[in-house]
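Chemist: Here is the input, now give the coordinates:
(chains A and B)
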Protein chains: 2
Amino acid sequence: MFDLKPYLEVQRQRVDASLKSYLGPEDASNSRVTQAMAYSVMAGGKRLRPILCIAGAQAVGGDHEAVTALACALEMVHTYSLIHDDLPAMDDDEKRRGKFTCHVQFDEATAILAGDALLTLAFEILATTASQCQAAEHPKWLRAIGKIASAAGCNGMIEGQMRDIAFEGTVISIEQLEALHGLKTGKLIQASVVSGGMVAGASEIQLQALGAYAAHIGLAFQVADDILNVTGDPERLGKATGTDQARGKNTYPLLIGLASSQHLAGQLVDKALNALAAFDKKADPLRAIARYVVERNR
Amino acid sequence: MFDLKPYLEVQRQRVDASLKSYLGPEDASNSRVTQAMAYSVMAGGKRLRPILCIAGAQAVGGDHEAVTALACALEMVHTYSLIHDDLPAMDDDEKRRGKFTCHVQFDEATAILAGDALLTLAFEILATTASQCQAAEHPKWLRAIGKIASAAGCNGMIEGQMRDIAFEGTVISIEQLEALHGLKTGKLIQASVVSGGMVAGASEIQLQALGAYAAHIGLAFQVADDILNVTGDPERLGKATGTDQARGKNTYPLLIGLASSQHLAGQLVDKALNALAAFDKKADPLRAIARYVVERNR
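Modeler: Modelled structure (predicted):
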């Protein structure tokens, strides 16, 4: 049986070390906007997207140094989206991961620009890393960059955030909720796994399987998050619970109940595992992560 | 003598048609965030950056269809920066180009996300366009993408905006002002000309010359803008004048006087023209644009 905990720890350290080298210190030797970028990126978090990217590359036997850069770019895109989502004009959150959000710690203008700068830096890193790869690798990288941009853009993550804001305070259908999450978090999670596979040389059939895996765990992750907001321990999570209900947010527990939500999360994980049926043990990290997504609920 | 006016008109139409096809209609057949993106991008403007990009490609004899995509991506990066700069937390502007700014016409959350989405779409277009080029073109495109990201990021445009906010209300030196503009507007203007030359196959020496040309006209453009804010006609400009002084903004007229500012702008244009000495008449559009930058003052 694959032991996930040390794997996650090793990959998290690998990603954190690389993120740190991209962003520099959080102190005054750095410009204010770079301090804010470093503050938010180094605030912790599970590094789910970068680790999924690395595990996606490993599943097809192609993990290499450039994959770390790709993984870091994905985490920067994710962090930028959190900084902007937390802004007063959006979710107006004061805390995240137990620390002040970027606009509280710095100021609103700096937070907007730090988010912008992280998104921009992500693409700079992607283009620079791809440039340094052999010419034969360029088409794969360009495809991966396009995939990430598409997933993060106005037909992906950003449209998801627009809907999330629009739907707040109104009851929506389970189909609308699923579409919302598919956009807001699903597409970038999918792009993480698939882009990792892509630059590692996955075949089209393998990319489809990785995409299906990721679509299922992306949704499972969201269902699990909704459940944790009801049942979780604020201390352990580093953020308040019960906030979704207080805000009139549409969640799986609200729309289909807690027991059905837990059942659904389990089903999604099974589907994710089925999608990997043709992969050998190199996909064990992806399999273990799928199980972890629901197990962290218990 | 090269006739700039019809040239600008033809290139502007080329860019506008392509921008429109990327963004779709501004009406309700489009999602709200896409409407906001289209609203701000199609609000007009001189299309200086895209036209400089096209003229940069033409200067080395390499204008082709993919250059239009590159030019559009640059305009999207520029428009995103305007949308975010206009936000209440930044410059808090209500009008731009005679129309309401994005957050006034839509709302603040939508404006933040529309800016984010334009930046993201720019990189999606760049990656997709590069993918469709022949493999031999990929290194040039990756380099151009890296150049644009670097120019727009935390060591370029974003750092410039940070300083602009930090300096407001304090008197700075002419050196600080020059550094500010070099970052806030200069780097992206430079990336526009250079990336156009890059994907068109410019040599390293040609790229250096294009970079020097662009650095000078970028600064000349800013000096001219500062002058226009003092001497310009609000009706023709589509925006209020005298606003810089009212805000205590650091400008060339404030720091060195109006006459010296006009002299400086002329000097910078001369330097820009000198940088193009080794180019043949294919660089005439670039030359004419350099002259236009100061002539619009008169």
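Chemist: Quick check: which ranges of the stretch 151-298 of chain A have low pLDDT?
Modeler: By pLDDT under 70, the low-scoring segments of the stretch 151-298 of chain A are A:237-239, A:297-298.
Chemist: residues from it in reach of chain B?
Modeler: Taking C-beta under 8 Å from any C-beta of the partner chain as the criterion, the stretch 151-298 of chain A approaches chain B at residues A:152-154, A:158-159, A:161-162, A:165-166. C-beta here means a position set from N, CA and C on the backbone, and glycine is covered the same way.
Chemist: Kindly recompute the last result at 7 Å.
Modeler: Counting by C-beta under 7 Å from any C-beta of the partner chain, the residues of the stretch 151-298 of chain A lying close to chain B are A:152-154, A:158-159, A:161-162, A:165.
Chemist: out of those, which are inside helices?
Modeler: In this view, these that belong to helices under DSSP state H are A:152, A:158-159, A:161-162, A:165.
Chemist: Surely A:Leu286 and A:Ala59 touch.
Modeler: Yes. Counting by C-beta atoms under 7 Å, A:Leu286 touches A:Ala59, with 5.4 Å between them.
Chemist: now the ones in helices among the residues of the stretch 151-298 of chain A next to chain B as a markdown table including neighbour count?
Modeler: Supplementary listing: these in a markdown table, determined by neighbours: other C-beta atoms under 10 Å in any protein chain shown:
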| residue | neighbour count |
| --- | --- |
| A:Ala152 | 29 |
| A:Ile158 | 28 |
| A:Glu159 | 22 |
| A:Gln161 | 25 |
| A:Met162 | 24 |
| A:Ile165 | 17 |
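Chemist: Which one of the residues you listed is nearest to A:Tyr213?
Modeler: Minimum separation from A:Tyr213 among those (C-beta to C-beta) is found for A:Ala152, which lies at 19.7 Å.
Chemist: Check the burial of the nearest residue to A:Ile148 once chain neighbours are set aside by counting its neighbours.
Modeler: Take A:Ile148 and drop its neighbours on the chain: the residue closest to it by C-beta to C-beta, 6 or more residues apart in numbering or on different chains is A:Ala191, 4.9 Å away. Other residues near A:Ala191 number 30, with proximity taken as other C-beta atoms under 10 Å in any protein chain shown.
Chemist: A:His64 too?
Modeler: There are 11 residues near A:His64, going by other C-beta under 10 Å.
Chemist: Now do the phi/psi pair for it.
Modeler: Its backbone dihedrals place A:His64 at phi -150, psi 180, with angles given as degrees, to the nearest 10.
Chemist: Report the separation between it and chain B.
Modeler: Taken as C-beta to the nearest C-beta, to the nearest Å, the spacing of A:His64 relative to chain B amounts to 18 Å.
Chemist: Any part of stretch A:103-113 near chain B?
Modeler: Yes. Contact of stretch A:103-113 with chain B is found when judged by C-beta under 7 Å from any C-beta, involving A:108-109, A:112-113.
Chemist: What separation is there between the residue of chain A most remote from its centre and A:Gln35?
Modeler: Seen from the C-alpha centroid of chain A, the residue lying at the greatest distance (C-alpha atoms, centre = their mean) is A:Ser29, 29.6 Å away. The span separating A:Ser29 from A:Gln35 equals 9 Å under the rule C-beta to C-beta, to the nearest Å.
Chemist: And A:Glu65, by the same measure?
Modeler: Following C-beta to C-beta, the distance that separates A:Glu65 from A:Gln35 is 27 Å.
Chemist: got the residue ranges for the helices in the stretch 101-250 of chain A?
Modeler: Per DSSP state H, counting those that start in this stretch, the stretch 101-250 of chain A has helices spanning A:102-105, A:108-132, A:138-152, A:157-167, A:174-181, A:187-199, A:204-231, A:234-237, A:243-246. These are given in chain order.
Chemist: Can you tell me the SS state at the closest residue to A:Arg291 other than its chain neighbours?
Modeler: The shortest distance from A:Arg291 to any residue other than its chain neighbours is 6.3 Å, reached at A:Val269 (C-beta to C-beta, 6+ apart). For A:Val269, the secondary structure call by DSSP: H, G, I helix; E, B strand; the rest coil comes out as helix.
Chemist: Near A:Val269, how many other residues are there?
Modeler: Counted with other C-beta under 10 Å, the neighbours of A:Val269 add up to 25.
Chemist: and if you look at the one 5 residues further on?
Modeler: Burial measure for A:Asn274: 12 neighbouring residues, criterion other C-beta under 10 Å.
Chemist: Check which element follows the one helix or strand it maps to along the chain.
Modeler: In this structure, A:Asn274 is located in helix A:258-275 according to DSSP states H and E. Remark: after helix A:258-275, the chain's next helix or strand is helix A:284-295, criterion DSSP H and E.
Chemist: Tell me which other helices or strands that next one touches.
Modeler: Contact analysis of helix A:284-295 by 3 or more C-beta pairs under 7 Å, 6 or more residues apart in numbering or on different chains; DSSP states H and E lists helix A:4-23, helix A:48-59, helix A:204-231, helix A:258-275 as its packing neighbours.
Chemist: and the ones you listed as CSV, adding distance to B:Ala89?
Modeler: Output for those, formatted as CSV (distance: least, C-beta to C-beta, whole Å):
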stretch, distance to B:Ala89
helix A:4-23, 23
helix A:48-59, 27
helix A:204-231, 28
helix A:258-275, 37
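Chemist: and those helices, which is most packed in?
Modeler: Ranked by average neighbour count under the criterion mean count of other C-beta atoms under 10 Å in any protein chain shown, the helices and strands packed on helix A:284-295 are headed by helix A:48-59 at a mean of 28.
Chemist: what angle do the following helix or strand past that helix and helix A:187-199 make?
Modeler: Moving toward the C-terminus from helix A:48-59, the first helix or strand encountered (DSSP H and E) is helix A:65-85. When axes from the mean of the first three to the mean of the last three C-alpha atoms, to 10 degrees is applied, the directions of helix A:65-85 and helix A:187-199 differ by 170 degrees.
Chemist: Do you know the pLDDT at the nearest residue to A:Ala166 once chain neighbours are set aside?
Modeler: In space, A:Ala166 comes closest to B:Arg32 once its chain neighbours are excluded; the distance is 7.6 Å by C-beta to C-beta, 6+ apart. At B:Arg32, the pLDDT value in this model is 96.
Chemist: follow-up on the earlier one: helix, strand, or coil at the residue farthest from the centre of chain A?
Modeler: At A:Ser29, secondary structure determined by three-state DSSP is coil.
Chemist: Would you list the phi and psi of it?
Modeler: Recorded main-chain torsions at A:Ser29 are phi -70, psi -10, according to degrees, to the nearest 10.
Chemist: In contact with it: list those residues for me.
Modeler: For A:Ser29, the contact set (C-beta atoms under 7 Å, 6 or more residues apart in numbering or on different chains) is empty.
Chemist: any idea how far A:Leu254 is from A:Gly248?
Modeler: Per C-beta to C-beta, A:Gly248 is found 9 Å from A:Leu254.
Chemist: ok, back up a step: from what I can see the residue nearest to A:Ala166 touches A:Gln161, true?
Modeler: No. With contact defined as C-beta under 7 Å, B:Arg32 does not reach A:Gln161; the gap is 11.4 Å.
Chemist: where does the stretch 1-150 of chain A dip in pLDDT?
Modeler: Judged by pLDDT under 70, no stretch of the stretch 1-150 of chain A qualifies at all.
Chemist: how does it look with 80?
Modeler: Confidence mapping of the stretch 1-150 of chain A against pLDDT under 80 gives the ranges A:26-28.
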